[in-house]
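> I need the structure of the sequence given here:
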Amino acid sequence: MAAVVALAPLLTACGAEHDPLFVTGTAAKPTLAWRDCPAAKGDGITEAALYEWDDSSTVDDPGRTLWHIKAADGKTLSQRIRLGTAPDGFTTERALTAALDPGTTYALRANMASDDQVSGLLTFRLEQLAAGRVVFDESSTESRAAYDDRDDEEFGCFTE
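Numbers count the residues shown, from 1 in each chain. Predicted coordinates:
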């Protein structure tokens, strides 16, 4: 398996060990998701984009945009969505027009409505995805159960 490039998370939450953005599902149906933060009521994703990541990509310039959706004013996404789709209340800025390639590294970026958790960026490869597993943070993978068992504070979700 090819090495996956590691990234520093873009969270503004003080003390966050991990980025709450994650990818789940299978290689055939990758799904964007954000760890629920109990203290951030009304929060949600306001914008999401998928990029083709390569050796010259950076956090500020993650590569060629493959898919981009943006919320209408006042709308947020609080559910998980399949990459390449646009839920109600979102505009497709760039449609995903080609199938994802198993040999390619992708970057996924999401912007949030919250002032506490502003945005997240992660890289992943399709071969990392499998039923019951998640890809998060710096291309880390683990079971969904292990991910859900982590303390919310590791993801910048503080009660006060």
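
> low pLDDT regions in the protein?
1-16, 38-42, 114-118, 158-160 (pLDDT under 70).

> can you tell me which residues contact the residue nearest to the spatial centre of it?
Note on the chain: the residue nearest the mean C-alpha position is Leu21, at 3.9 Å, using Cα atoms, centre = their mean. Shown in contact with Leu21 (Cβ atoms under 8 Å, 6 or more residues apart in numbering): Leu32, Ala33, Trp34, Arg35, Leu108, Arg109, Ala110, Gly120, Leu121, Leu122, Phe136. Backbone N, C-alpha and C define where each C-beta goes, glycine included.

> how much space between it and Arg82?
Leu21 sits at a distance of 15 Å from Arg82 (criterion: Cβ to Cβ, to the nearest Å).

> Repeat that for Ala98.
Applying Cβ to Cβ to Ala98 and Arg82 gives a distance of 15 Å.

> which one of the two has more residues nearby?
Arg82 (12 against 8; other Cβ atoms under 10 Å).

> now the more buried one: how far from Pro102?
Where Pro102 is concerned, Arg82 sits at a distance of 17 Å (Cβ to Cβ).

> all helices of this structure, in order?
Counting by DSSP state H, the chain has helices at residues 144-149.

> follow-up on the earlier one: specify the beta-bridge partners of the residue nearest to the centre of the chain.
For Leu21, the beta-bridge partners are Trp34 (DSSP bridges).

> now, among the contacts of Leu21, which is nearest to Glu142?
Phe136 (7.9 Å; Cβ to Cβ).

> Which residue lies closest in space to that closest one, excluding its sequence neighbours?
Of all residues not flanking Phe136 in the chain, Phe22 sits nearest, at 3.9 Å (Cβ to Cβ, 6 or more residues apart in numbering).

> Pretty sure that neighbour sits against Asp36.
No. Look at Phe22 against Asp36 with Cβ atoms under 8 Å: they stay out of range, at 11.3 Å.

> more neighbours, these two?
Of the pair Phe22 and Asp36, Phe22 is the one with more neighbours under other Cβ under 10 Å, namely 27 against 13.

> gap between the more buried one and Asp43?
For Phe22 relative to Asp43 (Cβ to Cβ), the value is 15 Å.
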